[in-house]
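Asker: how would this look folded up:
(one chain, ligands or ions: 1)
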Amino acid sequence: SRAKRYGKENRVSTKFADVAGHDEAKKELVEVVDFLKNPAKYHAIGAEIPKGVLLVGPPGTGKTLMARAVSGEADVPFFSVSASEFMEMFVGVGASRVRTLFEDARKSAPAIIFIDEIDSIGRKRGAGIGGGHDEREQTLNQILSEMDGFEKGASIIILAATNRPDVLDSALLRPGRFDRQVTIDLPNLKEREAILGVHLRGKPLSSGVDVPEIAKSTPYFSGADLKNIVNEAALEAARISKTQIDMSDFYRALDKITLGLENSSLTIR
Ligand code: ATP
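Answerer: Numbers count the residues shown, from 1 in each chain. Here you go, the predicted model:
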């Protein structure tokens, strides 16, 4: 179907305070918020507002969350799409969806467009035998031409997430397109503690719960993994009808998730 395949939220309540850690990334994105809120300031001095920012980092580190926070802080509509959902079997469908998306966003400007997994359409073109994938290339070309076609003062900023910046077509990274990169890495010890804090907010904890200790036990965990740990611990506690989560629930949750991660790494990777 040619139906639109993107989300649109007129108001997003997510704020930078909902994203734990990633202080450097926030510093860079505060600027994007200012572009959206005060475009006149930049135009007055003859500066062109950047159009595209790549959010680069492994899965589950909060790229989507961060994009939503930019939208929430700037108080502008949030258009979102997963790049892989744009493409179909029939050549031209993806490009037509991209056109509709940008048209809609222009009408709502200032606005954010968030493209998740940009690498699924943004890979280097023409690499495969026989010239490659026409639907994918046309979809990518349409994104590039929409970005080039922005009028000055359109105030649409495109945030795109990827964990594979190395495979992207260089045309995407040229000045005037995705010419800025913001790194959203796995959290360090302090950041894991902060992320656990965000997800423990409002949950009944027994006094024995040692958050720094949980953070120490979860090296290489992403924000999404940590959120999962907190929820699994709460489920463990509720399952045996406790009214508070205690440390043993976290240890059980950790065992369960570590085992799950090991299994998935055996079967999938
Ligand atoms: P993917 O690349 O897999 O789409 P992502 O980097 O976009 O992942 P999100 O989908 O934003 O990650 O993260 C999943 C969930 O994990 C978030 O909705 C949030 O609840 C939690 N989370 C991740 N990182 C953080 C963080 N830094 N602070 C608070 N919560 C986080």
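
Asker: pull the contacting residues for the closest residue to the ligand within the chain.
Answerer: Using C-beta to the nearest ligand atom, Gly223 is the residue of the chain that sits closest to the ligand, at 2.0 Å. For the C-beta atoms, the positions are set from N, CA and C on the backbone; glycine is no exception. Taking C-beta atoms under 8 Å, 6 or more residues apart in numbering, we find Gly223 in contact with Ala20, Gly60, Thr61, Gly62, Leu65, Pro187, Ile195.

Asker: list the buried ones in stretch 166-177?
Answerer: Of the residues in stretch 166-177, Leu168, Asp169, Leu172, Leu173, Arg177 count as buried by neighbour count, 16 or more other C-beta atoms under 10 Å.

Asker: gap between the two ends of that stretch?
Answerer: Distance between the two ends of stretch 166-177: 16 Å, counting by C-alpha to C-alpha, to the nearest Å.

Asker: burial count for Ser71?
Answerer: Neighbours of Ser71 under the rule other C-beta atoms under 10 Å: 28.

Asker: what's the helix or strand containing it packed up against?
Answerer: For Ser71, the host element (DSSP states H and E) is helix 63-74. Packed against helix 63-74 by the contact rule (3 or more C-beta pairs under 8 Å, 6 or more residues apart in numbering; DSSP states H and E) you find helix 23-37, strand 52-56, strand 78-82, strand 111-116, strand 156-162.

Asker: need those in TSV (columns: distance to the ligand, mean pLDDT and mean neighbour count).
Answerer: Shown next, in TSV, are these (distance: least, C-beta to the nearest ligand atom, whole Å; pLDDT from 0 to 100; neighbours: other C-beta atoms under 10 Å):
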stretch	distance to the ligand	mean pLDDT	mean neighbour count
helix 23-37	9	95	17
strand 52-56	8	97	24
strand 78-82	8	94	21
strand 111-116	6	96	25
strand 156-162	6	96	26
